[in-house]
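A.B. asks: coords please:
(4 chains)
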There are 2 protein chains.
Amino acid sequence: MNHEQKRKSEILKALGHPIRYCIVEGLLSGERNVASLMDCLSLPQPTVSRHLQILKSAGILGVQRAGNEMHYSVINTEARKVVESLR
Amino acid sequence: MNHEQKRKSEILKALGHPIRYCIVEGLLSGERNVASLMDCLSLPQPTVSRHLQILKSAGILGVQRAGNEMHYSVINTEARKVVESLR
DNA sequence: TATTTATATATAAATATACGGATACTTAAT
DNA sequence: ATTAAGTATCCGTATATTTATATATAAATA
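C.D. replies: Predicted structure coming up:
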């Protein structure tokens, strides 16, 4: 088991949770801030926020502030490919 | 969050572990029985066996007995695509 | 039948993860 | 300065996962 394999399995682990998978799929279709994801998932805000952090520290999401909103987007090519391979 | 998304995230979860990712990658390159995977991973046999069961119950692996040996193979198209998308 | 080889299962301990609620932080508007 | 909106963090508890050890099963061989 090499380092590349570990790295890739970490991406899959981050995506391997229904909420997080849904978030990434949603972001690939253009949704942006936390509130819109909350509505779409009907989950309490802290829960959504927590999963966003997990995805961010896995290097899958990037974030940019826009006023008081945070705009998240998928910045990781591999994660994007993985989700797209499941279309 | 719909049922499809849950289903897909379960596949990713099963693959989101370094040992299991390594097993599936290995099986796509032709390795077969538990002993050969053990050697490749240098892990105790029960550990390998346990992860094989997890992959099997996730519907990712199929197994066939060949005498003494159990021959595992990747039977899930989506899992195959996911791993190949990370090549 | 007894033994060996290959693989699976059970249990328990350690660790990791999930979730809800309260709260803190940051920016914008008043 | 105060308030409101949007978001992040912390904490406690519940649950799940991982691993090792020990043991069990199943087929092959002696």
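
A.B. asks: residues from chain A in reach of DNA strand C?
C.D. replies: Applying C-beta under 7 Å from any atom of the strand, we find that chain A lies next to DNA strand C at A:13, A:17, A:19, A:43-44, A:46-47, A:50-51, A:54, A:65, A:67-68. The C-beta positions use only the backbone N, C-alpha and C, and glycine is treated the same way.

A.B. asks: Show me what the worst-scoring helix or strand of chain A on mean pLDDT is packed up against.
C.D. replies: In chain A, the helix or strand scored least confidently by mean pLDDT, DSSP states H and E is helix A:34-41, which has a mean of 83. The elements that helix A:34-41 packs onto, with contact taken as 3 or more C-beta pairs under 8 Å, 6 or more residues apart in numbering or on different chains; DSSP states H and E, are helix A:18-28, helix A:45-57, strand A:69-74.

A.B. asks: JSON lines for these, including mean pLDDT, mean neighbour count and distance to residue B:76?
C.D. replies: Output for those, formatted as JSON lines (pLDDT from 0 to 100; neighbours: other C-beta atoms under 10 Å in any protein chain shown; distance: least, C-beta to C-beta, whole Å):
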{"stretch": "helix A:18-28", "mean pLDDT": "94", "mean neighbour count": "22", "distance to residue B:76": "16"}
{"stretch": "helix A:45-57", "mean pLDDT": "95", "mean neighbour count": "16", "distance to residue B:76": "24"}
{"stretch": "strand A:69-74", "mean pLDDT": "94", "mean neighbour count": "16", "distance to residue B:76": "24"}
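
A.B. asks: need the ones you listed in TSV with distance to chain B, can you?
C.D. replies: TSV is the format used below for the helices and strands packed on helix A:34-41 (distance: least, C-beta to the nearest C-beta, whole Å):
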stretch	distance to chain B
helix A:18-28	4
helix A:45-57	12
strand A:69-74	14
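
A.B. asks: Figure out which of those is closest to residue B:60.
C.D. replies: Among the helices and strands packed on helix A:34-41, helix A:18-28 comes nearest to residue B:60, with 16.3 Å by C-beta to C-beta.

A.B. asks: for the residue nearest the centre of chain A, what are its contacts?
C.D. replies: For chain A, the residue sitting closest to the mean C-alpha position, by C-alpha atoms, centre = their mean, is residue A:24 at 4.0 Å. Listed by C-beta atoms under 8 Å, 6 or more residues apart in numbering or on different chains, the contact set of residue A:24 reads A:15, A:55, A:60-61, A:74, A:79, A:83.
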